[in-house]
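Participant: missing the sequence, but the structure's below:
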Ligand SMILES: NC(=O)c1ccc[n+]([C@@H]2O[C@H](COP(=O)([O-])OP(=O)(O)OC[C@H]3O[C@@H](n4cnc5c(N)ncnc54)[C@H](OP(=O)(O)O)[C@@H]3O)[C@@H](O)[C@H]2O)c1
């Protein structure tokens, strides 16, 4: 076999390998772009007990990511303050509902309003509750 034929063969093999590499790289880039676009969709988040300390800090993270929020709490004034803060922090939207969670007959309505306001539901954070005081805890243990 002539030396020039060997060189030409090697060059075309390299060119073919490069073409396959470029095609697979383009496919990976497209797949990554699709994945990123999916992650950029705002999450639709329902937060029950939205005025709790834990809920407020968690909600700030969601807001910073531009997520859509629906906040439920029993104290209207505190709820409005929290909602205003999350709006400023970048939430895509902030819906609110005043509800004492002990009114269990209103839970279905709450879920319906949340789903309507958010356009669906991805995440639910249930944060309302009452921590026992140290005195109560020590009574339980002694
Ligand atoms: N912080 C901790 O170290 C810790 C540890 C373990 C578990 N937890 C639990 O995690 C949850 C959140 O903790 P946190 O420290 O963020 O609590 P937090 O700051 O004391 O807040 C509790 C929240 O629950 C709300 N709430 C209570 N009863 C309600 C009702 N019937 N309807 C509507 N809202 C009601 C309160 O509303 P108002 O503001 O109107 O009173 C308040 O916003 C609680 O369930 C707590 O027991 C906390």
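Facilitator: Right, received. Where do you want to start? In this text the structure is predicted, and so the values were computed from the model without any measurement.
Participant: When you work out contacts or count neighbours from here on, use the C-alpha atoms and nothing else.
Facilitator: Fine.
Participant: Output the below-cut-off pLDDT ranges for this protein.
Facilitator: Scanning the chain for pLDDT under 70 picks out the ranges 1, 28-39, 134-142.
Participant: could you pull out the strands for it?
Facilitator: 44-48, 68-73, 93-98, 123-126 (DSSP state E).
Participant: and the closest residue to residue 42 other than its chain neighbours, how far is that from the ligand?
Facilitator: Using C-alpha to C-alpha, 6 or more residues apart in numbering and skipping residues adjacent in sequence, the residue nearest residue 42 is residue 67, 4.3 Å away. Applying C-alpha to the nearest ligand atom, to the nearest Å, the value for residue 67 to the ligand is 20 Å.
Participant: got it, and residue 99?
Facilitator: For residue 99 relative to the ligand (C-alpha to the nearest ligand atom), the value is 6 Å.
Participant: these two touch, right, that residue and residue 74?
Facilitator: Yes: with contact defined as C-alpha atoms under 8 Å, residue 99 reaches residue 74; the gap is 4.6 Å.
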